[in-house]
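1. Sharing a model prediction with you, sequence too.
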Amino acid sequence: MAGLAAGIRLRLGGKTVIIVERHEAPGGLNSFYNLQGRKYDVGLHAMTNYVPAGVKGTPLGKLFRQLRIPRDAFDLSEQCSSRIQFPGAELRFSNDFTLLESEIDRTFPDQIDGFRQLTGFVKSFDATNLDAAETPARPVLAKFLTDPLLVDMLCCPIFYYGSAREDDIDLGQFVIMFQSLFLEGFARPFAGVRQIIRALTKKYAELGGIRKMRLGVKQIQTYGNRAQTLELDDGSILSAEQVISTIGLVETNRLAGLAQGETDNIGKLSFVECIQLFEEQPRNLGWEDTIIFFNTSDTFEYRRPAIELVDPGSGVICFPNNYQYPDGKTLDEGWLRVTAIAHYDRWCALEEIDYQQAKRDWYEILMTQAVDLLPDIPAEKGTFADLCGDIDMFSPRTITKFTGHLGGAVYGAPYKRKDGRTDLDNVYIAGTDQGFLGIVGAMLSGISIANAYCLGGR
């Protein structure tokens, strides 16, 4: 997403641009694939940062202006409502922030003043300051909120949708995620992520941009402190005045022969995701939430599992059906997606036969977990097993295979390069490792880097 947005912005500025992509489909971490005639989204539970048309001064509005893409090209529909579910407490929220505020007032009445002060702090915080020092978020939250349960509940969706660090997140990124999840909101194109990709690739093509698919960068060849040429997988050579890399900070450095030992900045957080299709619409089964962020223990731990391949104790349940699609439209089938934290090294150590068995085993565990957390299916509908259709699952190995991310790290390096610079004078980082999060954040990252370093600060 960052690369496509940067490419569009550069073409609008009159630059000659080539995008090279090793995979067969665009989109990176937010792409799609075909399996048995059906299109599956990768990564998309929701597009955050949603605001209605006409709301000014927001990331979504800036995105459409900078790319000169009409808003209706994304075909966005708002979420119904979502919730955070912990033992003994739950908080509902929607794209109307007052719902979350009222839920906190009801569930944590002694914390509501602190929450309102935290909200004011978030609104006044300059998360776009590229020179800001890295600051852990949790100690700052403790200044506003004295109940550890509420802190954990607010951190759960924010961490799952953007933190590259175990058990915490950089304060600037916390602010970005708080704004994009709670103060703005969730939306989804009816056709899924391919709707967004289609709009981006169409615009880029109309502007005369060049894309080379199934062709990655094998090596960045340098001269002094500059990238001189790029050697591609097929042995061909490209020369460029400037390079914007969206593959990750450590990954980019290694292509240039830099920081080979920079293992401390390889992300440790990877995930598995199970996808179950079924015959009924979720609402007909009493499942009305759009997204559920769950935790089943007394405290919330966001870290690699200590022993197992997967930690089933927390995660995300998503129903892509449960958005406010216009004109009564519904997806043809029911969709249930369950995401949980996984241990990359353990998955990679498995022999193929054990790997396939592990996928089957953990699929059953996570689906059982999800169904246990959901309202009981009406008796006349039968059991969940009676309703189930096709399934799929991806593991941390899948993430590396199709994105090249070291460690299968969905959110990249734990320490970002906010200014987008690398050790090479003409190579810049955009996307997750520049510190902008989510689909909208990734695109804005590409735009900001293109504007700052290639278009004279426009």
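-> Received, thanks.
2. which residue lies farthest from the center of the chain?
-> Relative to the mean C-alpha coordinate of the chain, counting by C-alpha atoms, centre = their mean, the farthest residue is residue 380 (37.3 Å).
3. just the strands in the stretch 351-458 of the chain please.
-> Ranges of strands in the stretch 351-458 of the chain, per DSSP state E, counting those that start in this stretch, are 388-394, 427-429.
4. Give me whichever of these is most buried.
-> strand 427-429 (a mean of 26; mean count of other C-beta atoms under 10 Å). Using the backbone N, CA and C atoms, a C-beta is placed for each residue, glycine as well.
5. Could you list every helix and strand that it packs against?
-> strand 243-245, helix 249-255 (3 or more C-beta pairs under 8 Å, 6 or more residues apart in numbering; DSSP states H and E).
6. Quick one: mean pLDDT for it?
-> Across strand 427-429, pLDDT averages out at 97.
7. Over to stretch 122-132?
-> Averaging pLDDT along stretch 122-132 gives 85.
8. before we move on, back to that, of the helices and strands packed on strand 427-429, which shows the lowest average pLDDT?
-> Among the helices and strands packed on strand 427-429, helix 249-255 scores lowest, at a mean of 93.
9. Outside of that one itself, list whatever touches it.
-> 217-220, 245, 247, 259-260, 262, 265-266, 404-406, 412-413, 416-417, 422-423, 427, 429, 433 (C-beta atoms under 8 Å, 6 or more residues apart in numbering).
10. I'd like to know how far residue 123 sits from residue 140.
-> Separation of residue 123 from residue 140 (C-beta to C-beta, to the nearest Å): 15 Å.
11. Give me the more crowded residue out of those two.
-> residue 140 (15 against 11; other C-beta atoms under 10 Å).
12. The more buried one contacts residue 171, correct?
-> Yes: the criterion here is C-beta atoms under 8 Å, and residue 140 meets it with residue 171 at 5.6 Å.
13. before we move on, the earlier item: so which of the helices and strands packed on strand 427-429 is nearest residue 310?
-> helix 249-255 (24.6 Å; C-beta to C-beta).
14. Got a quick ChimeraX command for the buried subset of the contacts of helix 249-255?
-> The following ChimeraX line selects those of the contacts of helix 249-255 that are buried, judged by 16 or more other C-beta atoms under 10 Å:
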select :217,220,245,247,265,266,404,405,406,412,413,416,417,422,427,429,433
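15. The contacts of helix 249-255 in helices, which ones?
-> Here DSSP state H is the test, and the contacts of helix 249-255 give no hits in helices at all.
16. the helices in the stretch 351-458 of the chain, which residues?
-> 352-373, 384-387, 396-403, 438-449 (DSSP state H, counting those that start in this stretch).
17. Output these as JSON lines; include the columns distance to residue 202 and mean pLDDT.
-> Listed next are the helices of the stretch 351-458 of the chain as JSON lines, based on distance: least, C-beta to C-beta, whole Å; pLDDT from 0 to 100:
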{"stretch": "helix 352-373", "distance to residue 202": "35", "mean pLDDT": "96"}
{"stretch": "helix 384-387", "distance to residue 202": "37", "mean pLDDT": "90"}
{"stretch": "helix 396-403", "distance to residue 202": "23", "mean pLDDT": "88"}
{"stretch": "helix 438-449", "distance to residue 202": "15", "mean pLDDT": "95"}
